[in-house]
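Novice: test case, fold it:
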Amino acid sequence: MRLELRGSGVSPFFFSGGFMSLSERLSEDLKTAMKSGDKVRLETIRMLRAALTEKVVERRGADAEMREEDELSVILSAAKKRKEAIEEYRRVGREDKAREEEAELLIIQEYLPKQLSPEEIAEHIKAVAAQIGAATPKDFGKLMAAVMKDLRGKADGKIVQESVKQFLGV
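Specialist: I've put the predicted structure just below:
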């Protein structure tokens, strides 16, 4: 279960002893994967840890503290790469490789916030549109930006885009 602590600068996860950051959770999950011999989980978690480390190094010049948004962007980027690879492998007839990418994607998604249903996305779009006065196809960019600001990490951007288009009749 993912919980948020406002202003803390960490991404806590609840466990029996209290809260742990994403890095701590990945370290614990890495140990579990090593013990279980789950090679796909092990390599996927190693990849996520390496990507987070790269982000920490990248941020050294700026605000050195890793923020929840930074961690989320790393996980979202990894998920997006897997989705694109799955599409490409299927396009060229490499179903075996697509299944490997899907297995990694399932593991990566465990570290993302709960994804909203299409109905929840549609309701959010209606509420935001009413709030900012978006009603015509010309308002697409404005509405899309406002909706994605709230739904980043909680919904696939392509699904949100299609829902916004449908709502505005684009």
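Novice: in what helix or strand does the residue positioned nearest the centre of the chain lie?
Specialist: Geometric centre of the chain, nearest residue: L76, 3.4 Å, by Cα atoms, centre = their mean. Remark: L76 resides in helix 68-91, with elements defined by DSSP states H and E.
Novice: summarise which helices and strands that helix is packed against.
Specialist: Helices and strands touching helix 68-91, by 3 or more Cβ pairs under 8 Å, 6 or more residues apart in numbering; DSSP states H and E, are helix 39-59, helix 95-109. Yep, even glycine has a C-beta here, placed from its N, CA and C like the rest.
Novice: what is the first one packed up against?
Specialist: Right, the one you point to is helix 39-59. On a contact count with 3+ Cβ pairs under 8 Å, 6+ apart, helix 39-59 meets helix 22-36, helix 68-91, helix 95-109.
Novice: would you put the C-alpha positions of it in PDB?
Specialist: Extracted in PDB, the C-alpha atoms of helix 39-59 (Å, rounded to 0.1, in the frame of the first residue of the first chain):
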ATOM      1  CA  LYS A  39      16.100 -13.900 -12.200                       C
ATOM      2  CA  VAL A  40      13.600 -11.600 -14.000                       C
ATOM      3  CA  ARG A  41      12.600  -9.900 -10.800                       C
ATOM      4  CA  LEU A  42      16.200  -9.600  -9.700                       C
ATOM      5  CA  GLU A  43      17.400  -8.000 -13.000                       C
ATOM      6  CA  THR A  44      14.400  -5.700 -13.200                       C
ATOM      7  CA  ILE A  45      15.000  -4.400  -9.600                       C
ATOM      8  CA  ARG A  46      18.700  -4.000 -10.300                       C
ATOM      9  CA  MET A  47      17.800  -1.900 -13.400                       C
ATOM     10  CA  LEU A  48      15.400   0.300 -11.300                       C
ATOM     11  CA  ARG A  49      18.000   0.800  -8.700                       C
ATOM     12  CA  ALA A  50      20.600   1.800 -11.300                       C
ATOM     13  CA  ALA A  51      18.200   4.200 -12.900                       C
ATOM     14  CA  LEU A  52      17.500   5.800  -9.500                       C
ATOM     15  CA  THR A  53      21.200   6.100  -8.800                       C
ATOM     16  CA  GLU A  54      21.700   7.800 -12.200                       C
ATOM     17  CA  LYS A  55      18.900  10.300 -11.200                       C
ATOM     18  CA  VAL A  56      20.700  11.000  -7.900                       C
ATOM     19  CA  VAL A  57      23.900  11.700  -9.700                       C
ATOM     20  CA  GLU A  58      22.100  13.900 -12.200                       C
ATOM     21  CA  ARG A  59      20.500  15.900  -9.400                       C
END
